[in-house]
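Q: could you work out the structure for the sequence below:
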Amino acid sequence: MPRILTDEFAYEVLSVIGEIPSGYVATYGDIAKLLGMPGRSRLVGRICRFSGNYGDFPCHRVVNHAGRLVPGWQEQRVLLEREGVPFRDTDHVDLSGCRWKWK
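A: All right, here's what the predicted structure looks like:
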């Protein structure tokens with residue numbers, strides 16, 4: 001039976017996000033794939049959007065498959081710049097220089 005959006009799955013996603021080290025990013029798809037649900041990147045994004053309901057997690061370290069930042073969330077770039085994340089342009093991180101490789 002496939003997992004759906006439950007508190008348990010949300011905590012799994014947020015637990016992975018909590019492991020992303022400062023200075024690195026992961027994509028929504030990376031996280032979904034790591035959790036065995038490669039087609040659920042949008043679900044990961046939704047969990048990030050509501051992560052404040054579960055606690056304080058570094059969701060600013062999660063970007064889309066092209067490295068694009070969340071539209072309208074200006075603070076995301078500021079937080080990533082403080083961590084030394086390289087940018088390709090104003091709206092995209094350079095994934096080749098900062099993509100997190102989990103073990």
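Q: tell me the centre residue of the protein?
A: Among the residues of the chain, the one closest to the centroid is Val62, at 2.1 Å (C-alpha atoms, centre = their mean).
Q: how much space separates it from Leu34?
A: 12 Å (C-beta to C-beta, to the nearest Å). In short, each C-beta sits where N, CA and C put it, glycine included.
Q: wait, doesn't the residue nearest to the centre of the chain sit right on Ile17?
A: Yes: the criterion here is C-beta atoms under 8 Å, and Val62 meets it with Ile17 at 6.1 Å.
Q: identify the contacts common to those two.
A: Ala26, Ile31, Cys48 (C-beta atoms under 8 Å, 6 or more residues apart in numbering).
Q: please flag which of the residues you listed sit within helices.
A: Ile31, Cys48 (DSSP state H).
Q: just the buried subset of the shared contacts of Val62 and Ile17, please.
A: Ala26, Ile31, Cys48 (16 or more other C-beta atoms under 10 Å).
Q: from those residues, pick the one nearest Ala10.
A: Cys48 (9.8 Å; C-beta to C-beta).
Q: skipping adjacent residues, who's closest to that closest one in space?
A: Cys59 (4.3 Å; C-beta to C-beta, 6 or more residues apart in numbering).
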